[in-house]
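Peer 1: fold the following and give me the result.
(chains A and B)
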2 protein chains.
Amino acid sequence: VPQLVENVAGVPKKVKKIGKDDPRRIFHSLKVGLALTLVSIFYYLRPLYDGFGVNAMWAVLTVVVVFEYTVGATLSKGLNRIFATMLAGALAVGAHQLASFSGERGEPIILGAFVFLIAAASTFARFFPGIKARYDYGVVIFILTFSLVAVSGYRVDELIKLAHQRLSTIILGSCTCLFISVCVCPVWAGEDLQKLIGNNIEKIAMFLEGFGEEYLKKEEGESADVVKKDRSFLEAYKSILNSKTSEESLANFARWEPGHGRFRFRHPWHQYLKIGALARQCACSVDALNVCTSSKTQVPVEFRQRIQEACRKMSSETGKALADLSLAVRTMKKPMAAATHILGANTAAADLKTALKTTSSDMIALLEILPAATSASLLIEIVGHTEKLMVA
Amino acid sequence: VPQLVENVAGVPKKVKKIGKDDPRRIFHSLKVGLALTLVSIFYYLRPLYDGFGVNAMWAVLTVVVVFEYTVGATLSKGLNRIFATMLAGALAVGAHQLASFSGERGEPIILGAFVFLIAAASTFARFFPGIKARYDYGVVIFILTFSLVAVSGYRVDELIKLAHQRLSTIILGSCTCLFISVCVCPVWAGEDLQKLIGNNIEKIAMFLEGFGEEYLKKEEGESADVVKKDRSFLEAYKSILNSKTSEESLANFARWEPGHGRFRFRHPWHQYLKIGALARQCACSVDALNVCTSSKTQVPVEFRQRIQEACRKMSSETGKALADLSLAVRTMKKPMAAATHILGANTAAADLKTALKTTSSDMIALLEILPAATSASLLIEIVGHTEKLMVA
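Peer 2: Residues are numbered from 1 along each chain as shown, chains lettered A, B, ... in the order given. Below you'll find the model as predicted:
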């Protein structure tokens, strides 16, 4: 019981935290409430009730199920629902017509067979990766509507009127959702995607810049102190490693969104995915670098001093280049200073290589050079992609 | 048009491939068809129709929406749906009772306010990570049922009878789903999770073993040939890097599953997640290793020969140890030979270190030693976790 009390007492704190992390969540909750209330009002009004009948509740159902956090997701679900209902309704009416030729006794058997076939085939279609990504919800609604219409068609004879009513209520519900989701504080999946990718690149940049500083300072003997302070940005990049799923779903929803703000319709969202994948690869190298340096022990001091400066420069130059790129992604302008910084990083890398050739080489140096060199080459690719983005 | 024809012609091939990859998908499709047909039959029978009325279509709806690929997911959705409907129904009846005190004009306003409040609060609750993971679907159904009952309660006066009917049809639909999903070729999320983790560890093991072989052979001058042949297992580990989401959802569903086969109820599924995370970390090191060695250029030959043997041994010993561990995860037995192999790998690592101290060191050697050492230490942890698993 005391644990339960503690949990309940912790709820306001949690609510505050979630609201603070992203205030749009509060707006989203209010928007859902608003949409539902609007649809309910439709239902309360007598004339509409007479027009739609029990089907009016389908509008309520549609609002609850279709309203999603981002505009793209709402639009995708709404359109999926409308078109799937239309298609399935037409097919079901056809199936019903066909079954009615076979008399009183054969009808349920034929309809049952149709339901079985359509359900099995559609469920199998959901395993296709392409359908899964974009039309998963539509296929579910397709199965649902087909079986409902096929089954209820056996009872209610006014099939076409019913289908018409269902469709109009669903369109009503979807339009309410879309209207509110676009007009009241819209949350665009495309914008979120851009922000996510920009942030990811910035995290790597912060790591590399901070890493360069830390590496230098450690020499001056204040290691433990610095390490503690730096933990937050040294760990930040780890979230990038697992961001693939959210990037993909955002890009998926972004594809459905109409032009808004600085984005036109058919903005090349897949370019963002490519940049995201490169950033993830970068983060993986950074991870390896982090593991390497945290386990350093047997390094001769005089050697360390020799390579130190080059390493520091490489790291911070790459960091600056990445920071510039992240800015470029966010503002959708050409990166200005990135090319210079990359050049600087490459020069430092070359310096380091000569330094290594002239001396006996060393663990850290080598582990350092590689991820940085990788980053540099990745950066060049990223620049290429960003330039493509500018063109598009 | 020619592209469309090509796409359509490619469908049978795709179907074959998906079916071959996992034949359970075909069974799943047939199971969904079967469940739907069963529920439809209930609907066709007159006596049941008289009992349930239009609500019988809720059973159909439940089957379509609740039936998921794994038993755990079906169970979780079914239970979520039943309990959310119950709770929301009770609350809505209460709200309706409360609103009825305020007369003809006040009632819709009060009900509207209730719907707005409940919908906004519940939507916000969906942002809580804990609720999102386990009860997301339940909350959606809660909002849905509450607003439907509250709204329709204004029209239909037999509220409690309606709620009772809704609940019984939903239970009927859920039970049909569960029955078919458990009895006909069940797909257990727990088993899939175990397999996924076992496979992931095996992929890393294959990479390391193959890497050791390849490393040796390259010296003998048949590099290009071998590289081509080895591509498949050299790339296999990459899928591990992005497996976090699927692991988590499987573990989530597995938690709902009753005991089956070699698993008891409340099997420590979170241990699998820990092992999975360690495997992912391992894969990240392997990735760094792979990048490093594929860019090797300026390595003096005589040095390479010196470290080669130790590297090969380290790599293949670690690979063997991992293979043993993956077997242990799958069979749920204690790993037998893993400890010996790890010992071997550690000895090889120590050899390599001394070799490095006596000679001028070199890029590859160092890049090699680190991931392998990391793997070794990770392995020790994995062994610890697996032992815990055995106990639990």
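Peer 1: ok, and the closest non-adjacent residue to A:I170?
Peer 2: In space, and not counting its chain neighbours, A:I170 is closest to A:T62: 5.1 Å by C-beta to C-beta, 6 or more residues apart in numbering or on different chains. C-betas here are computed from N, CA, C, even on glycine.
Peer 1: neighbours around that neighbour, how many?
Peer 2: Using other C-beta atoms under 10 Å in any protein chain shown, A:T62 is surrounded by 28 other residues.
Peer 1: correct me, but it touches A:R166?
Peer 2: No: the pair A:T62 / A:R166 is not scored as a contact, 10.0 Å apart, by C-beta atoms under 8 Å.
Peer 1: re earlier: which SSE is the residue nearest to A:I170 in?
Peer 2: Secondary structure from DSSP states H and E places A:T62 in helix A:56-66.
Peer 1: so what touches that helix?
Peer 2: A:32, A:35-36, A:39-40, A:42-43, A:48-49, A:52, A:74, A:77-78, A:81, A:166, A:169-170, A:172-174, A:176-177, B:119, B:140, B:143-144, B:147-148, B:151-152 (C-beta atoms under 8 Å, 6 or more residues apart in numbering or on different chains).
Peer 1: could you point out which element follows that helix?
Peer 2: Using DSSP H and E, the helix or strand that follows helix A:56-66 in sequence is helix A:71-100.
Peer 1: what angle do that following helix and helix A:56-66 make?
Peer 2: Put simply, helix A:71-100 runs at 140 degrees to helix A:56-66, going by axes from the mean of the first three to the mean of the last three C-alpha atoms, to 10 degrees.
Peer 1: for helix A:71-100, packing partners?
Peer 2: Taking 3 or more C-beta pairs under 8 Å, 6 or more residues apart in numbering or on different chains; DSSP states H and E as contact, the helices and strands that helix A:71-100 lies on are helix A:56-66, helix A:103-125, helix A:129-153, helix A:159-183, helix A:189-219, helix A:244-254.
Peer 1: may I see the buried residues of that helix?
Peer 2: A:71-82, A:84-86, A:88-89, A:91-93, A:95-96, A:99 (16 or more other C-beta atoms under 10 Å in any protein chain shown).
Peer 1: likewise for stretch A:130-144?
Peer 2: By 16+ other C-beta under 10 Å, the buried positions in stretch A:130-144 come out as A:135-144.
Peer 1: how about stretch A:176-187?
Peer 2: Burial within stretch A:176-187, assessed by neighbour count using 16+ other C-beta under 10 Å, is assigned to A:176-178, A:180-182, A:186-187.
Peer 1: not counting that stretch itself, show me its contacts.
Peer 2: Applying C-beta under 8 Å, 6+ apart, the contact partners of stretch A:176-187 are A:24, A:27-28, A:31, A:34-35, A:38-39, A:59, A:62-63, A:66-71, A:74-75, A:78, A:260.
Peer 1: run the last query once more with 6 Å
Peer 2: By C-beta atoms under 6 Å, 6 or more residues apart in numbering or on different chains, the surrounding residues in contact with stretch A:176-187 are A:24, A:27, A:31, A:34-35, A:38-39, A:63, A:66-67, A:69-71, A:74, A:78.
Peer 1: farthest-separated two in these?
Peer 2: Farthest-apart pair in the contacts of stretch A:176-187 is A:R24 and A:V39; separation 22.2 Å (C-beta to C-beta).
Peer 1: of those two, which one has the most company?
Peer 2: Ranked by neighbour count (other C-beta under 10 Å), A:R24 and A:V39 place A:V39 first, with 25 against 16.
Peer 1: show me the contacts for that one.
Peer 2: If you count contacts by C-beta under 6 Å, 6+ apart, A:V39 has them with A:59-60, A:63, A:176.
Peer 1: so it sits in a helix?
Peer 2: Yes: remark: A:V39 belongs to a helix, assigned using DSSP: H, G, I helix; E, B strand; the rest coil.
Peer 1: now it: how far from B:F83?
Peer 2: As defined by C-beta to C-beta, to the nearest Å, A:V39 lies at a distance of 25 Å from B:F83.
Peer 1: A:P129 now?
Peer 2: Distance from A:P129 to B:F83, by C-beta to C-beta: 33 Å.
Peer 1: next one: A:A9
Peer 2: In terms of C-beta to C-beta, A:A9 sits 25 Å off from B:F83.
Peer 1: again, but for A:G319
Peer 2: According to C-beta to C-beta, A:G319 stands 51 Å off from B:F83.
Peer 1: neighbours around the residue of the stretch 101-250 of chain A found nearest chain B, how many?
Peer 2: Sorted by distance to chain B under C-beta to the nearest C-beta, the residues of the stretch 101-250 of chain A start with A:A120, at 3.6 Å. Applying other C-beta under 10 Å, we find 21 residues neighbouring A:A120.
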